[in-house]
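**Student:** Here you go, sequence then predicted model.
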Amino acid sequence: MRYGTINRVQLSLWPEDEIAQSCPAEEFIGKAGRRLFAGKGLNKVPTIFNADIFNEKGERIWFGDIDTYKDRSALLRLSAKAGDLFIFKRTDGGFSRQKPSLAQIRKFAAVIVKEGKISYSREFAERVEILSKRIKKQEGHANAYRYSKCL
């Protein structure tokens, strides 16, 4: 196996045949179960690793890593076709033992795509802001270091 390649897709509670057939989410976002990065580093700010996307009926229609900035247009197009979307990390809400109810999906969603708009939960928005500031600070230190080596 070469460095950076991923051999297996993480196992899930939901077999692939349970993903709602009426919503062609893969057509918009890409293959379910995708992994965007080999590592889950700091400079992947708007990425939700191991995300689940549910529709307004409470059906899980997609899972995998999603970058809310890069996938913005795909999410909006999917929402226009499939209705409201609720995106959250699989670890949120204690869903590892049972399938979530529609009320839980709405409550724990990190990102909601509804009526042509994407909104973030307060926690997710704060996380993105904190990590963005941290990255800018690190880049500032790196640039200062490069500049001092040139002198």
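**Tutor:** Noted; the coordinates are in hand.

**Student:** Show me the helices in this protein, by range?
**Tutor:** Assigned by DSSP state H, the helices in the chain fall at 25-29, 72-82, 102-108, 122-150.

**Student:** okay if I get these as CSV plus distance to F37?
**Tutor:** Bear in mind the C-beta positions are built from the backbone N, C-alpha and C, glycine included. Below are those laid out as CSV (distance: least, Cβ to Cβ, whole Å):
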stretch, distance to F37
helix 25-29, 16
helix 72-82, 18
helix 102-108, 24
helix 122-150, 14
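
**Student:** A51 is nearest to which of these?
**Tutor:** helix 25-29 (9.9 Å; Cβ to Cβ).

**Student:** And the contacts of that closest one?
**Tutor:** By Cβ atoms under 8 Å, 6 or more residues apart in numbering, the surrounding residues in contact with helix 25-29 are 19, 32, 53, 61-62, 64, 66, 71, 74-75, 77-78, 81-82.

**Student:** Please list only the buried members of those residues.
**Tutor:** I19, A32, I53, I61, W62, G64, I66, D71, L75, L78, A82 (16 or more other Cβ atoms under 10 Å).

**Student:** any idea how far F108 is from the second one?
**Tutor:** Applying Cβ to Cβ, to the nearest Å, one obtains 20 Å for the distance of A32 from F108.

**Student:** for the last one, same thing?
**Tutor:** Using Cβ to Cβ, one obtains 19 Å as the distance from A82 to F108.
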